[in-house]
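Trainee: need a structure here:
(one chain, ligands or ions: 1)
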Amino acid sequence: MIQCSPYTKKGKGEVNIIPKPKEVVINDGLFLVNKETKILADNSDKEVKSVAEYLAGILRPSTGFDLIIENGKDAPNRIKLIIDPEIKGNEGVYRLVANKKGVTISAPDATGLFYGVQSLRQLLPVEIEMKDVQDNIEWSVPFVVINDEPEFKYRGLHLDVGRHFFPVSFIKKYIDLLALHKMNVFHWHLTEDQGWRIEIKKYPKLTEIGSVRKETLVGHYGSDKYDGKPYGGFYTQDEVREIVAYAKDRFITVIPEIELPGHSLAALASYPELGCTGGPYEVATTWGVFPDVYCAGNDQVFTFLEDVLTEVMDLFPSEYIHIGGDECPKTRWKHCPKCQARIKNEHLKNEHELQSYFIQRIEKFLNAHGRQIIGWDEILEGGLAPKATVMSWRGEKGGIEAAQQHHDVIMTPGFALYFDHYQADPATQPLAIGGFTNTKMVYNYNPIPKKLKGDLEKYVLGAQGNVWTEYMQTPEYVEYMVYPRACALSEVDWTPQGSKNWDDFVKRMEVHKKRLKALNVNYYDGPMDALKPKKKKKK
Ligand SMILES: [Zn+2]
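Mentor: Numbers count the residues shown, from 1 in each chain. Alright, predicted model coming up:
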């Protein structure tokens, strides 16, 4: 049995919470939840009430108990949620005590109470996650004292719905699983060369034309086989609102990504006048990077993007709007009279500075509306927009550079946090884009690079896993690629680097996988430290 400090084990009970809490003391004894158990919470506080209802909703299907929520006097046999401003720590801090009186979760705010509820859920038998009533289960909670808080304030997971589209029901399940793992950001990649997935009222062709491609590449990039079947889908604004509200109830911010100036072929197919050549363009049917991008010399492009972003801001309360900024070839700009005129009139040195002009103009617009931009690390090229947060994906170099320039950074390096990579020998796995990142490589990742010490560490807000879906056609496929790697990621973001321990994680995952199974998650069940096959030596 592996017990890592700061775990203190005085009783027989077991605690297998993921992400691992900061401090746990296990005492002897069990509290049993039964149909008489009450949830005590301050009903007059809307957020606290919502957490109490969420807890009752988690417990209801499998136990069959419809627990009463009341703001009554303390009594035995209760689960009590209380706001306690005396508890200090990072946002999300909470304290959970289980003893013979019941369970008490206290936190300075509803966010902490919600995370306490996630821990309580994981203290209960895994059958608690089942959708139908389970007979003959003792709903026991080991006596514990847990003091917990997150290490990083940004704990994200991304999903690309451009390459493949996923239904609202799946997006909600995705968000539910983020909540289980105490993650707080869902980065929703909504526009791509292969499909525009969000309804924009002012530009209906974005979804009429831009959300559908005429066919899709079969097999690996470079193949010349297509399936000949039209593929499409998009989210209506009502659906977007529903998802944003659903996430908010789970203390998760949805950050939308509207890609610019590159990865914009679906938009250009809908409105060809926005490209340098005027088209015609077609929604992409294969993967990769395409030369046609928004024309940086045409003011109509900025009017269009500002209109789109205005509707986006109306749908998403998030402070951050992700504007992409990656993989934007400069070929068209080099030969476009309008783009060249812009370079001349704005006294720019080259096309890299033109990209920087583009991003800064969009940043200025979003800042004027109280929002901040996040961009992929290419936004460093040609000069960083003044307040931009950088998402470092091509390794850590971009993140380090941005932090050195005193910009906030989110770490998403491909080598550790790209969940579209293979997680075991490709010969044994469904088709993936390539690369190799097993769960252990995710687990061992430290968001603070060695080169950033002292004062610069604070610019790293946290880490995020990226889920590009070129090769993931179905929800089951996505889950297979994401879990258990996202479990490891949750610990990268939540647990202090010094308390992480691979063997202990593996042990807790044995139980946690049963929980994922009860939640009907199609996780990868092979070795989490599978080795990359060695390349055969050339003769
Ligand atoms: Zn142009």
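Trainee: tell me the contacts of whatever residue of the stretch 51-200 of the chain ends up closest to the ion?
Mentor: Going by C-beta to the ion, the ion is nearest to residue 193 of the stretch 51-200 of the chain, at 17.5 Å. Where C-beta positions appear, they are placed from N, C-alpha and C, glycine not excepted. By C-beta atoms under 8 Å, 6 or more residues apart in numbering, the contact list for residue 193 reads 162, 263, 264, 265, 266, 283, 284, 290.
Trainee: switch the cut-off to 10 Å
Mentor: Counting by C-beta atoms under 10 Å, 6 or more residues apart in numbering, residue 193 touches 162-163, 210, 213, 259, 262-269, 281-290, 292-293, 327.
Trainee: Among the residues you listed, the buried ones, what's the ChimeraX command?
Mentor: Burial among the contacts of residue 193 is assessed by 16 or more other C-beta atoms under 10 Å; the matching ChimeraX selection reads:
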select :162,163,210,213,259,262,263,264,265,266,267,268,269,281,283,284,285,286,287,290,292,293
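Trainee: Tell me which of the contacts of residue 193 fall in strands.
Mentor: Here DSSP state E is the test, and those give 213, 259 as lying in strands.
Trainee: which ones are touching residue 490?
Mentor: Neighbour list for residue 490: 18-20, 150, 155, 157, 177-178, 180-183, 442, 465, 484 [criterion: C-beta under 10 Å, 6+ apart].
Trainee: quick one: secondary structure of the residue nearest in space to the middle of the chain?
Mentor: Nearest residue to the geometric centre of the chain (C-alpha atoms, centre = their mean): residue 157, 1.7 Å. Three-state call for residue 157 (DSSP: H, G, I helix; E, B strand; the rest coil): strand.
Trainee: now swap in residue 462 and tell me
Mentor: The local conformation at residue 462, judged by three-state DSSP, is strand.
Trainee: For burial, what's the neighbour tally of it?
Mentor: For residue 462, the neighbour count with other C-beta atoms under 10 Å is 23.
Trainee: these two touch, right, it and residue 187?
Mentor: No: checked against C-beta atoms under 10 Å, the pair residue 462 and residue 187 is beyond contact range at 11.7 Å.
Trainee: Any chance you could list residues touching both of these two?
Mentor: 154, 156, 410, 412.
Trainee: can you name the two of those residues that are farthest apart?
Mentor: 154 and 412 (10.5 Å; C-beta to C-beta).
Trainee: The ion versus residue 330, what's the distance?
Mentor: As judged by C-beta to the ion, to the nearest Å, residue 330 and the ion stand 10 Å apart.
Trainee: Confirm that residue 188 sits in a helix.
Mentor: No: using three-state DSSP, the secondary structure at residue 188 is strand, not a helix.
Trainee: Run through the residues that contact it.
Mentor: Neighbours of residue 188 in contact, by C-beta under 10 Å, 6+ apart: 158-161, 171, 174, 197-198, 235, 240, 243-244, 247, 254-257, 316, 318, 322.
Trainee: The same query, at a cut-off of 8 Å, please.
Mentor: Contacts of residue 188 (C-beta under 8 Å, 6+ apart): 158, 159, 161, 171, 254, 255, 256, 257.
Trainee: okay if I get those as a markdown table plus distance to the ion and pLDDT?
Mentor: As requested, the contacts of residue 188 are exported to a markdown table (distance: C-beta to the ion, whole Å; pLDDT from 0 to 100):
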| residue | distance to the ion | pLDDT |
| --- | --- | --- |
| 158 | 29 | 98 |
| 159 | 31 | 98 |
| 161 | 28 | 98 |
| 171 | 35 | 98 |
| 254 | 32 | 98 |
| 255 | 29 | 98 |
| 256 | 26 | 98 |
| 257 | 23 | 98 |
